[in-house]
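J.: Sharing a sequence plus its predicted fold:
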Amino acid sequence: MQTSNAETAPLSPSPSRKEVWKMFDRIAHRYDVLNRSLSFGRDVAWRKRLRKHLPTDRELLLVDHATGTADQILFLLGGKARIAKAMGYDLSEEMLARGREKIEKLGVGDVVSLHTGDAMQSPQADNSADVVTISFGIRNVEDVPTALADMRRALVPGGKLLILECSLPENTFIRKSYLFYFRKILPRLGGWVSGDSYAYNYLNKTVETFPCGEAFCRLMREAGFEQVRAEPMTFGVATLYSGLKPENAA
């Protein structure tokens, strides 16, 4: 299992997550294209890997936090799972606006709806979601344990939490190469394309200081999830976490 970067000295100061949605408002116009280019298209494969973990034994009510431009939801619609309703929540109105444009263009508005909402205090009803997802967003919340607890609250007993997040590779050579790209190249490219250099300096600092692997699994277990697993992808530069709300949970 992947080693946690939270169990070693932080590689750079951890930036504030307060009102981070304002930053995403500023870069919303280039967010999708930057995700594809800066990850060399790997984010598509990662999102599709998450899709394979959706239950297929029933119709699903799905909730996606930090939904942004609804990328993750739209990828999930293309799999074998039967999604009856998908609701995305985000605090960035500019990101949501672009997501709604994509939903209208694809003609899936009868299934997908986007709403203003905070992952730490979602408007989602108790025990209502079969699956909760959050992709590349959990490291941006101010209080991760509070957000995890709220996701558990919204899930039905036996419901599934799926979290896709950036992480740090275990292999020393790959890790050094990855950090060089993250620290030196990505901020310049991201800043040049988006016009906001702060946003992509923020990105590498949050990844370096956020708990991954077993450290994040421990947070999920402490929030009350069971059968928690971490699945590293692409040499560990991203990790897919999964866990279940207990069947006997209130």
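T.: On my side now, so go ahead. Numbering: from 1, shown residues only.

J.: ok, now how distant is the closest residue to Thr234 other than its chain neighbours from Phe182?
T.: Nearest residue to Thr234 in three dimensions, chain neighbours excluded: Arg42, at 5.4 Å (C-beta to C-beta, 6 or more residues apart in numbering). Where C-beta positions appear, they are placed from N, C-alpha and C, glycine not excepted. From Arg42 over to Phe182 the distance is 14 Å, taken as C-beta to C-beta, to the nearest Å.

J.: swap in Thr116?
T.: In this view, Thr116 and Phe182 are 30 Å apart by C-beta to C-beta.

J.: between those two, who's got more neighbours?
T.: Neighbours per residue, other C-beta atoms under 10 Å: of Thr116 and Phe182, the larger number sits with Phe182, 23 against 12.

J.: I'd guessed that one sits against Thr206; true?
T.: No. Here Phe182 does not reach Thr206: they are 10.5 Å apart, not a contact under C-beta atoms under 8 Å.

J.: List the strands paired with the top strand by length along the chain, with their directions.
T.: Longest strand in the chain by number of residues (criterion: DSSP state E): strand 155-166. Each strand paired with strand 155-166, and its direction, by DSSP bridges: strand 129-135 (parallel), strand 238-244 (antiparallel).

J.: Which residue lies nearest the spatial centre of this protein?
T.: The residue lying closest to the centre of the chain (C-alpha atoms, centre = their mean) is Ser135, at 1.7 Å.

J.: Run through the bridge partners of it.
T.: Beta-bridge partners of Ser135, as defined by DSSP bridges: Leu164.

J.: How much space separates it from Thr234?
T.: Going from Ser135 to Thr234 by C-beta to C-beta gives 15 Å.

J.: how about the helices of the chain, start to end?
T.: Secondary structure of the chain by DSSP state H: the helices cover 21-27, 31-38, 42-51, 71-76, 93-106, 144-154, 172-180, 186-194, 197-209, 214-222.

J.: any weak-confidence spans in the chain?
T.: The chain contains residues with pLDDT under 70 at 1-16, 18-19, 21, 37, 193-194, 196-199.

J.: swap the cut-off to 80 and go again
T.: The chain contains residues with pLDDT under 80 at 1-24, 27-31, 33-39, 182, 186-187, 189-204, 250.

J.: now do the same end-to-end measure for stretch 100-115.
T.: End-to-end distance for stretch 100-115, by C-alpha to C-alpha, to the nearest Å: 10 Å.

J.: Any buried residues in that stretch, and which?
T.: Within stretch 100-115, the residues that qualify as buried are 100, 102-103, 108, 111-112, 114, counting by 16 or more other C-beta atoms under 10 Å.
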